[in-house]
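> fold the following.
(chains A and B)
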Protein chains: 2
Amino acid sequence: MKIRIAQFGLGPIGVECVRLAAEKSWAELVGGVDIDPQKIGRPLGDIAGIALPETARVHGSFEELLRVARPDVVLHTAVSRFSQVVPHLEPIVRAGISVVSSCEELLFPQLKNAAAAKMFDELCRKHNARVLGTGVNPGFVMDTLGICLTGVCRAVEKIEITRVVNASLRRLPLQKKIGSGLTPDEFRALFLQGKMGHVGLVESLALVAHGLGWQIGQITETCEPVIASHDIQTKFLTVLKGLTCGIHHRAEASVDAKSITLDLQMYLDAENPCDAVKIVADPPVDFVIRGGVHGDRATVAVLINAVPLLLKAQPGLRLMTDLPVLRAS
Amino acid sequence: MKIRIAQFGLGPIGVECVRLAAEKSWAELVGGVDIDPQKIGRPLGDIAGIALPETARVHGSFEELLRVARPDVVLHTAVSRFSQVVPHLEPIVRAGISVVSSCEELLFPQLKNAAAAKMFDELCRKHNARVLGTGVNPGFVMDTLGICLTGVCRAVEKIEITRVVNASLRRLPLQKKIGSGLTPDEFRALFLQGKMGHVGLVESLALVAHGLGWQIGQITETCEPVIASHDIQTKFLTVLKGLTCGIHHRAEASVDAKSITLDLQMYLDAENPCDAVKIVADPPVDFVIRGGVHGDRATVAVLINAVPLLLKAQPGLRLMTDLPVLRAS
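Numbering: from 1, shown residues only, chains lettered A, B, ... in the order given. Now for the predicted structure:
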């Protein structure tokens, strides 16, 4: 029995999800959902540029898709905030269908939306649906992987997770999202308005704390622009020396003498991109993924790889710490 | 409600388990089991050099312990082979009590003892007991960790896991176990007799294959002595130039064009100890733990950290790939 998948959101990540799911012997694509009138009604295979059964089409809403197809799971790649994702997911959950979503705040919605997350969890349980927020970041390199490595430790004092991304190798939307070309003052003003910085960083930190069973206090966040030390030319844009070429976003929290620090640097022409974790513990753990994990390619992989694991989990709003260890599927 | 723990086997690793469990707020030690007449009848706290309730004593068998205490889980650190562990665990499982064991072959007993493993799994289910074989190696650095890292990959072509251990920093039993001081010919003869090499390496490989859903063929194994290039003096022994100072044990298997390679080097004065995982995939992963993970310290941590996760799992003979992601507890 194959797992029937529908894709909700057909931007670049959604399209890549369709392509990867189509390669999996255990998966069957039954349709897509998008609000773009240019896409509605067309075969999903056309949108993704692959061969799929003609019956798998793009619909304007989940309800319309449900009239002609019943997926086991919906891959959702459309929004970043929990308040945005709930209206998308409610009808899916009420149909008893599970969801793997790239919504960053859904990684640990308990952090900013405790009451709403609890209600949503109850809705999932009532309708026998499983919902998971994941991806590579948030979802893996700055949270789940660090948690996993503490498994060899007798007691953890401190965990420091660092990710350095060379944004020059990424898509235009990411190059814009990190503030490329803004003056430092424009950047800082946008951060204060909640319009700059990496959505999901504090959720990653909260998931690490949850995994370790630590009752952390306030999370402190800083987000500074990385300033171009020379004129930078990417495939998509140019940033002059002195302007913003990326972000340096940090989040920290502590409990007693123990602390968690997440340090994310995403900027153009970053040298030595990597994912690194230092765990001060007995024994200590000091690891690095040389070159780092590619954001978009890996996010799609994590979303797809989580599907079979999620479907075997208990109904409810699930966390990465609830699932069996992730693996290529 | 604390988790009641009994310790089966009071060698150095067992004693360290007792000490670490005593530090955990969620654990309560109720007694120990050992065959050493010098230990039987004594308070467990005396053996471990820590303060424990007088009621927690060492018994000559599990049956005797069960007369006075009912643990929720038994930590078992006594033998390496599945055929040896089953007689130890049967009475425990029949009492409906779960087990976390360092028995190397128990990591994936399906490999060499498929029929017996199936029967044992059924026995566990019947009596509502959960049994897990784990540790740092096998159990984490050369199997679970590599599996976890494939989670960011779209498709895996090859996985190469390397562990280099500086045996000079380890206990005398390990320095002896790796053949220190043997002539190369003596070493090779012992390997052919199954008396040399790292027990659990092929089980690690089989677990990786299982995690990835790969139906591998024959596992090929080589185990060569590492030859001392100079006279080596450790805290415990001396190895003259030209004699064996450690092992280089490899296991490989493939399916179609895909392959898994495990490469373990444990020798005296090893330079650059590390745990490394290279995954040839899209995206690729090049992971290294600088300095490596300390064997004995981490094995005890993994055994203890697995306890709360195992008790929430389904009854049966469980694998590391069945459990939620490991974490410090």
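> how about the residue of the stretch 1-150 of chain A found nearest chain B, secondary structure?
As assessed by CB to the nearest CB, chain B sits closest to residue A:150 within the stretch 1-150 of chain A, at 3.9 Å. Heads up, the C-betas are built off the backbone N, CA and C, glycines and all. Look at residue A:150: counting by DSSP: H, G, I helix; E, B strand; the rest coil, its state is helix.
> output the lowest mean pLDDT helix or strand found in chain A.
helix A:172-177 (a mean of 92; mean pLDDT, DSSP states H and E).
> before we move on, the earlier item: from residue A:102, how far out is the residue of the stretch 1-150 of chain A closest to chain B?
The gap separating residue A:150 from residue A:102 is 25 Å, by CB to CB, to the nearest Å.
> higher neighbour count, these two?
Counted by other CB atoms under 10 Å in any protein chain shown, residue A:150 and residue A:102 do not tie: residue A:102 has more neighbours, with 28 against 25.
> count of residues packed around the closest residue in space to residue A:285 that isn't next to it in sequence?
Distance criterion CB to CB, 6 or more residues apart in numbering or on different chains; nearest residue to residue A:285, sequence neighbours excluded, is residue A:279 at 4.1 Å. A total of 22 residues lie near residue A:279 under the criterion other CB under 10 Å.
> how about residue A:279, secondary structure?
Of the three states, residue A:279 takes strand under three-state DSSP.
> residue contacts, residue A:123?
Contact partners of residue A:123, counting by CB atoms under 8 Å, 6 or more residues apart in numbering or on different chains, are A:90, A:93-94, A:129.
> and with 7 Å instead?
Contact criterion CB atoms under 7 Å, 6 or more residues apart in numbering or on different chains gives residue A:93 as the residues in contact with residue A:123.
> about what we covered before: confirm for me that the residue nearest to residue A:285 is in contact with residue A:150.
Yes: the pair residue A:279 and residue A:150 passes the contact test of CB atoms under 7 Å, sitting 5.9 Å apart.
> can you pull the residues that touch both of these two?
A:156, A:159.
> quick check: phi and psi on the spatially most central residue of chain A?
For chain A, the residue nearest the mean C-alpha position is residue A:135 (3.5 Å; CA atoms, centre = their mean). With angles defined as degrees, to the nearest 10, residue A:135 sits at phi 150, psi -170.
> that one contacts residue A:302, doesn't it?
Yes: Residue A:135 lies in contact with residue A:302 (CB under 7 Å); the separation is 5.5 Å.
> contact partners for the residue in the stretch 201-329 of chain A positioned nearest to chain B?
Per CB to the nearest CB, residue A:326 is where the stretch 201-329 of chain A lies closest to chain B, at 3.0 Å. Residue A:326 is in contact with A:144, A:302, A:305-306, A:309, B:148, B:151, counting by CB under 7 Å, 6+ apart.
> and whichever strand or helix holds residue A:246, what does it pack onto?
Assigned by DSSP states H and E, residue A:246 belongs to strand A:244-255. Contacts defined by 3 or more CB pairs under 7 Å, 6 or more residues apart in numbering or on different chains; DSSP states H and E place strand A:244-255 against helix A:201-212, strand A:220-227, strand A:258-267.
> flag every buried residue along the least confident helix or strand of chain A.
By 16 or more other CB atoms under 10 Å in any protein chain shown, the buried positions in helix A:172-177 come out as A:174-175, A:177.
> repeat that for stretch A:234-249.
Buried residues in stretch A:234-249 (16+ other CB under 10 Å): A:234, A:239, A:243-249.
> can you redo those as CSV with pLDDT?
Listed next are the buried residues of stretch A:234-249 as CSV, based on pLDDT from 0 to 100:
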residue, pLDDT
A:234, 94
A:239, 97
A:243, 98
A:244, 98
A:245, 98
A:246, 98
A:247, 97
A:248, 98
A:249, 97
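> so which bits of the stretch 201-329 of chain A are right by chain B?
A:211-212, A:282-283, A:285-291, A:293-294, A:297-298, A:300-302, A:305, A:321-328 (CB under 7 Å from any CB of the partner chain).
> which of the residues you listed count as buried?
Buried members of those, counted by 16+ other CB under 10 Å: A:211-212, A:283, A:285-291, A:293-294, A:297-298, A:300-302, A:305, A:321-328.
> which residues in chain A form helices?
For chain A, helices defined by DSSP state H occupy the ranges A:12-23, A:44-48, A:62-68, A:82-94, A:114-126, A:144-149, A:172-177, A:184-192, A:201-212, A:295-311.
> what about those, which gets the closest to residue B:21?
Distance to residue B:21, taken as CB to CB, is lowest for helix A:201-212 among these, at 17.8 Å.
> quickly list the domain ranges of chain A.
A:3-136+A:297-322, A:144-292 (automatic domain parsing).
> okay, those domains in CSV with distance to residue B:27 next?
Output for the domains of chain A, formatted as CSV (distance: least, CB to CB, whole Å):
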stretch, distance to residue B:27
domain A:3-136+A:297-322, 20
domain A:144-292, 13
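> which one of those lies nearest to residue B:116?
domain A:3-136+A:297-322 (26.0 Å).
> out of the helices and strands packed on strand A:244-255, which is closest to residue A:81?
Ranking those by proximity to residue A:81 (CB to CB) places helix A:201-212 first, at 10.8 Å.
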